[in-house]
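**Student:** mind looking at a prediction? Sequence and model below.
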Amino acid sequence: MFDFLNSGQYDVLGAFWVTVQLTLYSAVGSLIWGTALAGMRVSPVPLMRAFGTAYVNIVRNIPLTLLVLGCSLGLYQTLSITLGGGTSKEVGFRLAILGLIAYTGTFVCEAIRSGINTVPVGQAEAARALGLSFFQVLTLIVLPQAFRAVIAPLTNVLIALTKNTTVAATIGVAEAALLMKEMLENESDAIFAVFAVFALGFVLLTLPTGLLLGWVAKRVAVKR
Amino acid sequence: MKVFKAGAAAAVAAVLALTATACGGSSDKASSDGGASGGAKNKIVIGIKFDQPGLGLKTPDGKFTGFDVDVATYVAKELGYQPDQIEFKQAVSAERENLLANGDVKLVVATYTINDKRKAKVDFAGPYFLAHQDLLVRADDTSITKAEDLNKKKLCSVTGSTSAQNVKTKLAPEADLQEFPGYSECLTGLENKAVDALTTDDSILAGYAAQEKNKGKFKLAGLKLSNEPYGIGLKKGDTELQTKVNAALKKMVSDGSWQKAVDANFGPANYKAEPAPQITEGS
């Protein structure tokens, strides 16, 4: 039943490796972009607050498929923006990461903002009283405590991101979902076995992530 | 808590009831669709593509057009079904074998290339058409004359399709292949010069080139990169139906309806279709 795995025709591990790479790059990118957005949303500058709010509310509500496809059809096919990639493989990979960061950043931002709300206002007031600037209050006092509170929600965002990388198949990034499509075309007599292989692959990717980071979240949480 | 428990029990009961009816519904359907003579309604369900202009296309007003549709209608007529007794069902490439095996459709007429792997799971009648893998290029492009030229080109095809795999493994392994979920996305890139060629069966390409909005923009390269004999898919082991469908196809060719359908669907694309192929499947 699973003999298609032994035919040597399909590089399942290679495809999942692309999935892992997509996830890691997008995770780092969206953590940075999401933190910046969260900073904007709590900043004292009205224009930045407005931008942060508008960005999060708009981008979060655009389907990811549209964002990623828009990156490829709009940026690459129409405007010829390649992000420095040469072949369409590289271009697709980079554009997919751009789309994933733009989308996942909004969820990271909201998670971190909820973490900021767990930090007692008194701490920020005390820091202000010591003469720290907004940026110092945020980076030295508030965010370190906020992050410790939101590891569990961020883990959920990371797991969702891992699964969302399958959307990159719509612009031809050769990750797991694309290989699955190829295998379904060829091995349509073993359609459920193919599904099972890829479902299992994603369980194996996300389950340890959840367990590990769940344990970390418990260890570092600030007990108030 | 009591309220919650009662609610949960009700929900479970509702789900069970739904599943039960769903099972009953599908088995009913299978039996009425599966039988050649059928039930009271006497309908035939045929799987076609809904998204391929020229072959099988569902138009916005709910009608079906294309060469596959014409063939399906003719064959159904020979089997004793009037056009209003035909129910067309979407058969995307990966699902065709299962639709037939489960009895969801009686016939599949959906750019279904006959090959040995598929014959292990389903039977074919026909072939009724011979297509070739080909390239669609911009109308003013003359730089591609053979398959090797593709190694330096940007190429577009549909994710996971046989044509895309052919390029990767056989025709031009070094070509810069971009895969999209549908051919329409490729056409955008082709028009904007982000890709140089779009590859799949020439019959499908001709359908796109012939569309009103694309007229004059693209042309077929005419390379004949592979042979794609289209067959009509049937449930495995149904030799009686296979014989009947083959007879219908022979009649369609001999009475000129076949040529008429080819001219009507592919004519505008200036596509030279192959003459009707010899029936090779079954008796």
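**Tutor:** Thanks, I have it. Residues are numbered from 1 along each chain as shown, chains lettered A, B, ... in the order given.
**Student:** flag every buried residue along stretch A:61-76.
**Tutor:** Residues A:L64, A:L67, A:V68, A:L69, A:G70, A:C71, A:S72, A:L73, A:L75, A:Y76 are the ones in stretch A:61-76 that count as buried (16 or more other CB atoms under 10 Å in any protein chain shown). C-betas here are computed from N, CA, C, even on glycine.
**Student:** wait, the last one sits on A:F93?
**Tutor:** No: between A:Y76 and A:F93 there is no contact under CB atoms under 8 Å: 11.6 Å.
**Student:** burial count for A:N6?
**Tutor:** Neighbourhood size, A:N6 [other CB atoms under 10 Å in any protein chain shown]: 8.
**Student:** and it, how far is that from A:L64?
**Tutor:** Computed with CB to CB, to the nearest Å, the distance linking A:N6 and A:L64 is 34 Å.
**Student:** B:K168 too?
**Tutor:** 27 Å.
**Student:** what does B:Q133 give?
**Tutor:** The gap separating B:Q133 from A:L64 is 32 Å, by CB to CB.
**Student:** what of A:A174?
**Tutor:** 18 Å.
**Student:** now do stretch A:197-205, average pLDDT.
**Tutor:** Average pLDDT, stretch A:197-205: 95.
**Student:** dihedrals phi and psi, the closest residue in space to B:D202 that isn't next to it in sequence?
**Tutor:** Ranked by CB to CB, 6 or more residues apart in numbering or on different chains and with sequence neighbours excluded, the top spatial neighbour of B:D202 is B:D134, at 3.7 Å. The phi and psi torsions at B:D134 (degrees, to the nearest 10) take the values phi -150, psi -180.
**Student:** hmm, B:L205 and B:D134 touching each other?
**Tutor:** Yes: with contact defined as CB under 8 Å, B:D134 reaches B:L205; the gap is 5.9 Å.
**Student:** joint contacts of the two?
**Tutor:** B:L220 (CB atoms under 8 Å, 6 or more residues apart in numbering or on different chains).
**Student:** would you agree B:K117 falls within a helix?
**Tutor:** Yes: B:K117: assigned to a helix according to DSSP: H, G, I helix; E, B strand; the rest coil.
**Student:** pLDDT score assigned to the residue nearest to it when sequence neighbours are not counted?
**Tutor:** Once flanking residues are discounted, B:K117 sits nearest to A:N186: 7.1 Å by CB to CB, 6+ apart. A:N186 is assigned 81 on the pLDDT scale.
**Student:** surely A:N186 meets B:N115?
**Tutor:** No: if you go by CB under 8 Å, A:N186 and B:N115 don't touch, sitting 10.0 Å apart.
**Student:** okay, those two: which has more neighbours?
**Tutor:** Just comparing A:N186 and B:N115: by other CB under 10 Å the higher neighbour count belongs to A:N186, 19 against 13.
**Student:** can you tell me the element B:F88 falls in?
**Tutor:** Element membership of B:F88 [criterion: DSSP states H and E] is strand B:86-90.
**Student:** which SS class is B:S143?
**Tutor:** For B:S143, the assignment made with three-state DSSP gives coil.
**Student:** no no, B:P127
**Tutor:** The three-state label for B:P127, taken from three-state DSSP, comes out as strand.
**Student:** next up, phi/psi of the residue lying closest to it once chain neighbours are set aside, please.
**Tutor:** Setting aside the residues directly before and after it, B:P127 is nearest to B:P229 in space (CB to CB, 6+ apart), at 3.6 Å. Note on B:P229: its backbone torsions stand at phi -80, psi 120 [degrees, to the nearest 10].
**Student:** below-threshold pLDDT in chain B: ranges please.
**Tutor:** Regions of chain B meeting the criterion pLDDT under 70 cover residues B:1-41, B:268-270, B:283.
**Student:** name the residues of it found near chain A, please.
**Tutor:** Taking CB under 8 Å from any CB of the partner chain as the criterion, chain B approaches chain A at residues B:93-98, B:117-118, B:120-121, B:154, B:159-162, B:164-165, B:176-181, B:185, B:188-189, B:192, B:194-195.
**Student:** go again with 7 Å.
**Tutor:** Proximity of chain B to chain A is confined to B:93-94, B:96-98, B:120-121, B:154, B:159-162, B:165, B:176, B:178-181, B:185, B:188-189, B:192, B:194 under the rule CB under 7 Å from any CB of the partner chain.
**Student:** next step: those residues restricted to helices.
**Tutor:** B:R96, B:E97, B:N98, B:T162, B:Q165, B:E185, B:T188, B:G189 (DSSP state H).
**Student:** quick one: least confident helix or strand in chain A?
**Tutor:** helix A:176-186 (a mean of 87; mean pLDDT, DSSP states H and E).
**Student:** residues contacting that helix, please?
**Tutor:** Outside of helix A:176-186, the residues within contact range by CB atoms under 7 Å, 6 or more residues apart in numbering or on different chains are A:4, A:10, A:12, A:15-16, A:19, A:166, A:169, A:191, A:194, A:198, A:201, B:93-94, B:159-162, B:165, B:179.
**Student:** mind listing which of these are in strands?
**Tutor:** Counting by DSSP state E, the part of these found in strands is B:E179.
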